[in-house]
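Asks: the following block contains a protein sequence and its predicted model.
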Amino acid sequence: MKISKYILIGLTAAFSFSCEKDLEQVNQNQIGSDQYWQTEEDLADGVTGIYNRLLRDGAYMRTLPSLQDGRGDDITSASPWTIYPLTAKFTVQADYDVLQWPWRDFYDLIDKANSVLYYAPEIEFEDQDYKDRQVGQAYFLRALAYFTLINNYEQVPLVLEPALSRDEYYPETATPEETWAQIESDLLNAKELLPETYVGVSGADNGQLGRATWGAATGLLGKVYMFQEKWSDAEEVLGEVIESGVYSLVPDYADNFTMNNENNSESLFEIQFGNFGTDGNWVGASTSNWRQGCAINFNYGIGAFGGYTDLDISEWIYEEYQQERCVDGTLDPRMYTTIVSYEEEYDTYTDGRSNTIFETNPWESGVLSTDEIYIGKYTYARIPGYTIESDGILGASTINYRVMRYAEVLLLYAEALNELGNTNAAYPYIQEVRDRANLPDLATEMPNMTQAEMREQLAHERALELAVEGIRFFDIQRWGWLYDSEKLEELRAHDSEFDTWTEGNEYLPIPQVELDVNSNLSPNSSN
């Protein structure tokens with residue numbers, strides 16, 4: 001039984017600590033806002049409602065990770081559902097309905113956060129720290145939503161208060177500079193209001209894992225600075241996370257991508273999935289018997305074992321993992337977690353790696369060909385006890401989606417140091433990540449790298465550590481590789497889907513239905 005979900009996302013009057021208890025949801029639309037936002041319980045329930053939106057189909061449940069991963073060179077699209085190959089080839093049109101799902105769900109999240117922030121000042125709490133934590137979570141989640149929207153849609157409306165009149169239903173598009181500034185502001189507020197941990201706090205949230213923390217806000221703020229090339233600011237705040245001593249890498253890389261050892265010492269923030277009901281949390285609104293599960297494993301999973309194989313691992317990333325062997329001569333263990341492939345040498349290893357997936361050897365039986373490679377991360381392929389993806393129940397994966405890990409903090413910090421000209425100082429932070437993979441000492445293997453050489457090395461390190469985590473494409477984007485002719489040719493060699501990229505089409509188009517109903521909304525470069 002899965003009992004590690006301490007924050008059961010849903011509009012519920014209280015958090016449950018048992019997977020057998022149904023979520024009792026409150027429909028805030030049934031009563032007026034002036035009646036609802038009265039007590040500290042109302043505000044706490046409102047915050048829970050913000051988290052709820054992270055589990056929607058357009059958010060982390062399925063669609064967003066697939067649309068983000070599909071545009072990277074570590075993933076190729078093999079889906080008969082045209083949204084994924086069209087997005088991967090940067091040719092998707094604005095009238096494709098799936099493009100609206102992330103827009104819809106993240107603006108729904110923003111609306112919930114705005115309500116919490118708007119009404120919070122008028123609500124009295126017996127414990128000010130408890131109130132601060134509610135407000136801090138709303139700031140963090142709104143920042144995460146805008147960070148997701150601006151990176152995917154280029155320019156978006158900046159809505160900061162609930163719409164109280166019809167005139168406010170049609171916001172104007174903000175400049176990217178305005179949106180980035182608001183994200184920073186929200187995260188700075190969250191950083192000041194959120195605790196390092198909920199263990200020992202006073203209030204109903206005492207001991208609840210999965211809520212946004214100081215580390216989540218500070219780590220994401222550092223990433224926001226990196227995306228804007230604010231190297232000094234990034235070095236400062238990422239350094240705070242490192243120096244805090246709150247976070248550390250877990251010994252086993254694979255523990256970051258199973259339902260075991262979730263919310264561990266490496267996790268800054270992750271999406272809390274479970275299997276609590278019978279209704280799938282797909283396109284529509286949530287129900288009182290909402291499952292609250294994830295379906296990424298079906299999009300990424302192997303067709304012969306209940307998956308859809310909508311997305312495949314690329315040959316390039318498969319070969320990239322094999323560029324360097326561990327100090328004991330074995331393959332990089334991160335490859336075993338990230339990629340399902342037949343490797344004859346796995347059967348000679350004594351560290352638990354083998355050619356068994358789903359309790360069988362499909363290459364030996366001829367179910368799979370030895371020249372095929374698949375995505376392993378966020379699937380059940382190597383998790384003991386499963387013979388097909390998530391027992392074949394759609395939207396029932398209970399594997400939490402990791403939004404940000406400490407490993408990325410270390411690599412971003414090393415990158416910031418390098419960009420500031422402190423290249424030699426970057427080595428130890430990269431090596432901390434490499435040490436877990438049992439890779440040789442980088443300072444010995446490649447000493448005294450130039451700034452440009454270190455940039456290339458960091459790109460390699462990030463690709464291997466963070467593959468299939470919705471990160472690779474945004475690295476490509478922020479580094480300007482699409483507009484560097486030499487780098488663009490490399491990307492096309494990695495993944496032929498980049499052959500059809502044209503200038504500006506790296507973004508998802510603003511959904512046509514949104515442009516049709518809101519004349520104040522501007523199209524982006526992909527429209």
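Replies: On my side now, so go ahead.

Asks: looking at the protein, which helix or strand is least sure?
Replies: Using mean pLDDT, DSSP states H and E, the weakest-scoring helix or strand in the chain turns out to be helix 33-36, at a mean of 75.

Asks: for the residue lying closest to Ile399 once chain neighbours are set aside, give its distance to Pro121.
Replies: Distances taken as CB to CB, 6 or more residues apart in numbering place Met259 nearest to Ile399, at 5.2 Å, with adjacent residues excluded. Using the backbone N, CA and C atoms, a C-beta is placed for each residue, glycine as well. Counting by CB to CB, to the nearest Å, the separation of Met259 from Pro121 is 39 Å.

Asks: show me which of those two is the more surrounded one.
Replies: Summary of the neighbour comparison: Met259 and Pro121, criterion other CB atoms under 10 Å, with Met259 having more neighbours (17 against 8).

Asks: helix or strand for that one, which one?
Replies: Met259 belongs to no helix or strand when assigned by DSSP states H and E.

Asks: so it is in contact with Ala396, correct?
Replies: No - with contact taken as CB atoms under 8 Å, Met259 and Ala396 are classed as non-touching, separated by 11.2 Å.

Asks: what residues of stretch 90-98 count as buried?
Replies: Within stretch 90-98, the residues that qualify as buried by neighbour count (16 or more other CB atoms under 10 Å) are 90, 92, 94, 96, 98.

Asks: revised request: answer the last question for stretch 368-382.
Replies: 368, 372-382.

Asks: how much distance is there from it to the middle of the chain?
Replies: With CA atoms, centre = their mean, to the nearest Å as the basis, the distance from the averaged C-alpha position of stretch 368-382 to the chain average is 21 Å.

Asks: repeat for stretch 134-143
Replies: Put simply, stretch 134-143 sits 17 Å off its chain's centre (CA atoms, centre = their mean).

Asks: how close does the residue nearest the centre of the chain get to Leu466?
Replies: Here the mean C-alpha position of the chain is nearest to the C-alpha of Val403 (CA atoms, centre = their mean), at a distance of 3.4 Å. As defined by CB to CB, Val403 lies at a distance of 12 Å from Leu466.

Asks: same question for Leu99.
Replies: Going from Leu99 to Leu466 by CB to CB gives 25 Å.

Asks: what about the strands in the stretch 51-200 of the chain?
Replies: In the stretch 51-200 of the chain, strands defined by DSSP state E, counting those that start in this stretch lie at 75-77, listed in chain order.

Asks: for Leu508, which three-state class applies?
Replies: Reduced to three states with DSSP: H, G, I helix; E, B strand; the rest coil, the structure at Leu508 is coil.

Asks: burial of it, as a residue count?
Replies: Neighbour count of Leu508, defined by other CB under 10 Å: 27.

Asks: please apply the same query to Ala452.
Replies: A total of 10 residues lie near Ala452 under the criterion other CB under 10 Å.

Asks: just confirm it is within a strand.
Replies: No - if the criterion is three-state DSSP, then Ala452 is helix and not within a strand.

Asks: quick one: which helix or strand includes Tyr374?
Replies: Using DSSP H and E, the secondary-structure element containing Tyr374 is strand 373-375.

Asks: quick check: next helix or strand after that strand?
Replies: In N-to-C order, the element after strand 373-375 by DSSP H and E is strand 401-405.

Asks: name the residues that touch that following strand?
Replies: Applying CB atoms under 8 Å, 6 or more residues apart in numbering, the set of residues contacting strand 401-405 from outside is 60, 65, 144, 216, 219-220, 223, 256-257, 266-271, 273, 294, 296, 378, 469.

Asks: sounds good, over and out.
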